[in-house]
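Peer 1: Sharing a model that was predicted from the sequence below.
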Amino acid sequence: MMEIKTEMVNDIVVLNPVGNLVASSVELLKSQVEKLIEKKFNFLLLDMSRIDFMDSSGLSSIIAANKLITADSGVLACAALQEGVRKVFRVTRADQRIAVAETRSEGLLLIQARIIQGNGR
Amino acid sequence: MAARSVMNLTFHADFASVDQARSALLGACREVFPLESEAVSDLCMAANEAMNNAVEHSGSSQVEIELRIDDNCMIFRISTCGERFDPTAGNAVMPECDEQGELREGGYGLALIQVLIDSMSYEYLEGKNILTLVRKVKGGVNDGN
């Protein structure tokens, strides 16, 4: 099972999922992101420090979220990846297209910098 | 040393059961190879993708898995009943970006398996699709002594 806690840091919504981001749990992340986008929250930080395991379904859900958010001139960043999750990003080359930060605070700075630049891309 | 079986499990073909099977597999691998965290992680990640594929595509109501080990490797075998379906026959390259330069949303499962393990083989025996994944390890087996 996965739980997602949400908080606001200035204009950025920080999602804090806890558990495994896998086929049985991806719908929760997808629905959370869709609701946020509907409410025009377009700057999202995914704090992945408590995601112990992620499979290709989990990666697909992040790619889908990134597409939705960037299509609306928003920014998605992922932060604090554990080693196994980082490996999935690396071998699929998803880390070349999705913003990845070492820490949560670096992720927030990264999004803030892109907001100042004008938008996500 | 001949490979010996350390885990056998049959579970209902649904994603929640895959989570339980992955946990059991991870525990079994760690117990035998406590110092091989990367190899164990790779095998479990690849096995998870194979189990997801079985749930999603095999049409079988049950999934059987087995973990065998020897001094040099972990061998994961997954079996499902049904029509012949060879996942190794397809092109398992990592998906490239689409025409707009965007990441594709799917197609990573089999490619991930290819990257994470050392060898993969398929056979169809007595109405069962059997996929075998092998991940080598560097160190020795923890035999409990």
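Peer 2: Noted; the coordinates are in hand. The structure presented is a predicted model; accordingly, all values stated were derived computationally and were not measured. Residues are numbered from 1 along each chain as shown, chains lettered A, B, ... in the order given.
Peer 1: helices or strands up against the lowest-mean-pLDDT helix or strand in chain B?
Peer 2: Using mean pLDDT, DSSP states H and E, helix B:109-116 stands out as the lowest-scoring helix or strand of chain B, at a mean of 92. Using 3 or more Cβ pairs under 8 Å, 6 or more residues apart in numbering or on different chains; DSSP states H and E, the elements in contact with helix B:109-116 are helix A:83-91, helix B:37-57. No exception for glycine: its C-beta is placed from N, CA and C like everyone else's.
Peer 1: For residue 85, give me its contacts.
Peer 2: No chain specified, so I'll use chain A. By Cβ atoms under 8 Å, 6 or more residues apart in numbering or on different chains, the contact set of residue A:85 is A:21, A:48, A:51, A:53-54.
Peer 1: nope, chain B please
Peer 2: Residue B:85 sits next to B:57-58, B:129 when contact means Cβ under 8 Å, 6+ apart.
Peer 1: Surely it is in a helix?
Peer 2: No. Read with DSSP: H, G, I helix; E, B strand; the rest coil, residue B:85 is coil and lies in no helix.
Peer 1: And it, what's its pLDDT?
Peer 2: You'll see residue B:85 listed with a pLDDT of 85.
Peer 1: Ok, the one 5 residues further on next?
Peer 2: Here, the pLDDT recorded for residue B:90 equals 72.
Peer 1: and if you look at residue B:144?
Peer 2: As predicted, residue B:144 sits at a pLDDT of 55.
Peer 1: residues from chain A in reach of chain B?
Peer 2: Listed as neighbours of chain B in chain A under the rule Cβ under 8 Å from any Cβ of the partner chain: A:20, A:22-24, A:53, A:55-57, A:59-60, A:63-64, A:66-67, A:83-84, A:87-88, A:91-94, A:97-98.
Peer 1: Pull out the buried members of the residues you listed.
Peer 2: Listed as buried from those are A:20, A:22-24, A:53, A:55-57, A:59-60, A:63-64, A:66-67, A:84, A:87-88, A:91-92, A:94, A:97-98; burial here means 16 or more other Cβ atoms under 10 Å in any protein chain shown.
Peer 1: Chain neighbours aside, what residue packs nearest to residue 22?
Peer 2: No chain in the question, so chain A it is. Spatial nearest neighbour of residue A:22, chain neighbours left out: residue A:55 (4.8 Å); criterion: Cβ to Cβ, 6 or more residues apart in numbering or on different chains.
Peer 1: The chain in question should be chain B.
Peer 2: In space, residue B:22 comes closest to residue B:48 once its chain neighbours are excluded; the distance is 5.0 Å by Cβ to Cβ, 6+ apart.
Peer 1: Neighbours of that neighbour, how many?
Peer 2: Other residues within reach of residue B:48, judged by other Cβ atoms under 10 Å in any protein chain shown, total 28.
Peer 1: right, and it touches residue A:24 too?
Peer 2: No. The pair residue B:48 / residue A:24 is not scored as a contact, 10.9 Å apart, by Cβ atoms under 8 Å.
Peer 1: Can you tell me which helices and strands the host helix or strand of residue B:64 packs against?
Peer 2: Here residue B:64, judged by DSSP states H and E, is contained in strand B:62-69. Strand B:62-69 sits against strand B:4-12, helix B:15-32, helix B:37-57, strand B:73-81, with contacts defined as 3+ Cβ pairs under 8 Å, 6+ apart.
Peer 1: Please point out which parts of the second one sit buried.
Peer 2: Residues of helix B:15-32 classed as buried under the neighbour-count rule (16+ other Cβ under 10 Å) are B:15, B:17-19, B:21-22, B:25-26, B:28-30, B:32.
Peer 1: cool, and stretch A:37-53?
Peer 2: Applying a neighbour-count criterion of 16+ other Cβ under 10 Å, one finds A:37, A:41-48, A:51, A:53 buried in stretch A:37-53.
Peer 1: Among those, which one sits closest to chain B?
Peer 2: Using Cβ to the nearest Cβ, residue A:53 is the member of the buried residues of stretch A:37-53 that sits closest to chain B, with 7.5 Å.
Peer 1: In contact with the closest one, which residues?
Peer 2: With contacts defined as Cβ under 8 Å, 6+ apart, the neighbours of residue A:53 are A:20-22, A:84-85, B:22, B:45, B:48.
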